[in-house]
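Student: No sequence on hand, only this structure:
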């Protein structure tokens with residue numbers, strides 16, 4: 001069997017198949033006849049080398065010294081060197097036609113330039129996050145040397161890429177206006193959920209998850225300083241202690257830099273009986289909680305990063321027919337449209353009141369849940385997004401992908 005074009009994908013902040021966007025991209029490429037290799041950190045229990053569903057994976061031991069400015073520099077320097085070593089090892093099996101670097105961070109364009117010089121490898125930048133805005137949202141300011149350095153790295157990554165795939169139109173505009181990419185060299189490829197895998201399952205409903213209460217609301221995702229999980233805790237405090245509503249259970253799934261901090265905040269406010277933090281949980285638990293819940297929470301506060309970023313959790317709630325409570329952010333409204341309630345940004349009391357009002361209106365909840373599911377199926381699902389993604393690769397390599405066959409092979 002003749003192998004198709006070789007593709008190398010680099011990620012640093014997650015691993016495959018845990019990084020859902022990258023794994024969907026890998027599956028689409030493999031199903032279309034591409035030979036795909038991934039370099040990434042090790043997940044729990046992962047070996048240094050493995051082949052997963054036709055994808056060759058080289059992995060290094062992750063190093064994360066903490067969320068400080070110095071910690072990020074040390075982590076990224078280590079990751080760059082570890083990645084370069086594995087890229088050169090993977091290249092021994094043959095040269096690559098395309099290298100795709102995913103961010104954060106924006107540090108891998110020198111590796112792309114090395115392979116371009118050695119092998120004429122094309123470079124695709126898969127733009128997941130705005131690193132300058134991420135720094136600004138965590139540490140504040142736009143005049144510091146680290147912020148200016150991140151702007152430089154972003155600009156170089158955009159300009160060196162043969163093509164940029166952006167997760168939404170806001171990111172696309174930044175690539176064009178801030179970094180000077182040509183319109184035709186930037187394509188929007190959203191991180192669409194898989195509606196066949198993410199769907200409400202009546203057999204998974206478990207009323208014990210409500211912990212004796214009438215309603216269950218849930219959060220799923222990363223718990224970092226910019227994710228607003230502390231807002232959920234403070235909103236729950238307002239709901240319980242100011243509004244007197246003790247009939248609502250909160251289940252918050254996920255982990256991150258702020259996990260211990262938000263758990264401590266819960267305990268400080270005396271909400272241990274109302275809020276459960278599960279940490280990272282298997283898919284079966286996610287399915288049970290999401291199938292049982294009455295609403296999904298997207299508490300991302302308005303800041304330079306969140307306002308123009310697409311939140312995966314919002315679309316996952318929609319796939320499970322959960323109405324969403326979110327702040328009024330540009331790209332959140334693009335994703336959810338009428339499937340979400342939009343609250344004045346960063347107002348904890350209004351966020352809590354919006355949760356209560358939504359739970360008290362079952363007809364509205366059902367209508368919003370139905371609209372969200374329809375939007376996922378008809379617009380946001382990966383099967384609608386992968387066409388644009390494969391067209392980028394086919395344009396760079398001359399390969400011809402059969403989109404219909406790919407959709408069937410990837411289960412989209």
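Tutor: Looks like it arrived, so ask away. Computed from a predicted model, the values in this text were never measured in an experiment.
Student: List the contacts of residue 23.
Tutor: 16-17 (C-beta atoms under 8 Å, 6 or more residues apart in numbering). C-beta: built from backbone N, CA, C; applies to glycine.
Student: phi, psi of residue 340?
Tutor: Dihedral pair for residue 340: phi -130, psi 150, per degrees, to the nearest 10.
Student: Check residue 168 too.
Tutor: phi -160, psi 180.
Student: Same check on the one 10 residues further on?
Tutor: Phi and psi for residue 178, reported as degrees, to the nearest 10, are phi -90, psi -30.
Student: what's the answer for residue 224, then?
Tutor: Dihedral pair for residue 224: phi -110, psi 180, per degrees, to the nearest 10.
Student: Quick check: it touching residue 259?
Tutor: No - using C-beta atoms under 8 Å as the test, residue 224 is too far from residue 259 to be in contact (9.1 Å).
Student: check contacts around the one residue sitting closest to the centre of the chain.
Tutor: The centroid of the chain falls nearest to residue 312 when counting by C-alpha atoms, centre = their mean (5.1 Å). With contact set as C-beta under 8 Å, 6+ apart, residue 312 has these partners: 20-21, 191, 193, 221.
Student: Apply 6 Å and report the result again.
Tutor: By C-beta atoms under 6 Å, 6 or more residues apart in numbering, the contact list for residue 312 reads residue 191.
Student: So for it, what's the pLDDT?
Tutor: pLDDT recorded at residue 312 is 93.
Student: Next one: it relative to residue 225, how far apart?
Tutor: 18 Å (C-beta to C-beta, to the nearest Å).
Student: same question, residue 316
Tutor: 22 Å.
Student: ditto for residue 337
Tutor: 28 Å.
Student: Between those two, which has more neighbouring residues?
Tutor: Each of residue 337 and residue 225 has its neighbours counted (other C-beta atoms under 10 Å); residue 225 has more, 18 against 14.
Student: who's in contact with stretch 328-340?
Tutor: Residues contacting stretch 328-340 (C-beta under 6 Å, 6+ apart): 168, 170, 302, 306-310, 314-315, 318, 324, 326, 342, 345, 368, 371-372.
Student: buried stuff in that stretch?
Tutor: 329, 331-332, 335-336, 339-340 (16 or more other C-beta atoms under 10 Å).
Student: Now the terminal residues of that stretch, how far apart.
Tutor: With C-alpha to C-alpha, to the nearest Å as the measure, stretch 328-340 spans 10 Å from end to end.
Student: Do me a favour and average the pLDDT over that stretch.
Tutor: Mean predicted lDDT for stretch 328-340 stands at 97.
Student: lowest-pLDDT helix or strand in this protein?
Tutor: helix 403-409 (a mean of 57; mean pLDDT, DSSP states H and E).
Student: And stretch 288-306, end to end?
Tutor: Using C-alpha to C-alpha, the end-to-end distance of stretch 288-306 comes to 28 Å.
Student: got it, and stretch 246-260?
Tutor: End-to-end distance of stretch 246-260 (C-alpha to C-alpha): 24 Å.
Student: what's the answer for stretch 208-220, then?
Tutor: Span of stretch 208-220 from end to end, C-alpha to C-alpha: 19 Å.
Student: Provide the contact partners of it at residue level.
Tutor: 232, 247-254, 289, 292-297, 313, 359.
Student: Filter those down to the ones in helices?
Tutor: Among the contacts of stretch 208-220, DSSP state H puts 232, 289, 292, 313, 359 in helices.
Student: isn't the first one right up against residue 300?
Tutor: No - taking C-beta atoms under 6 Å as the definition, residue 232 is not a contact partner of residue 300, at 10.6 Å.
Student: Let me see the ranges of the helices in the stretch 251-400 of the chain.
Tutor: Using DSSP state H, counting those that start in this stretch, the helices of the stretch 251-400 of the chain run over 259-268, 283-292, 312-319, 330-336, 348-359, 362-375, 382-397.
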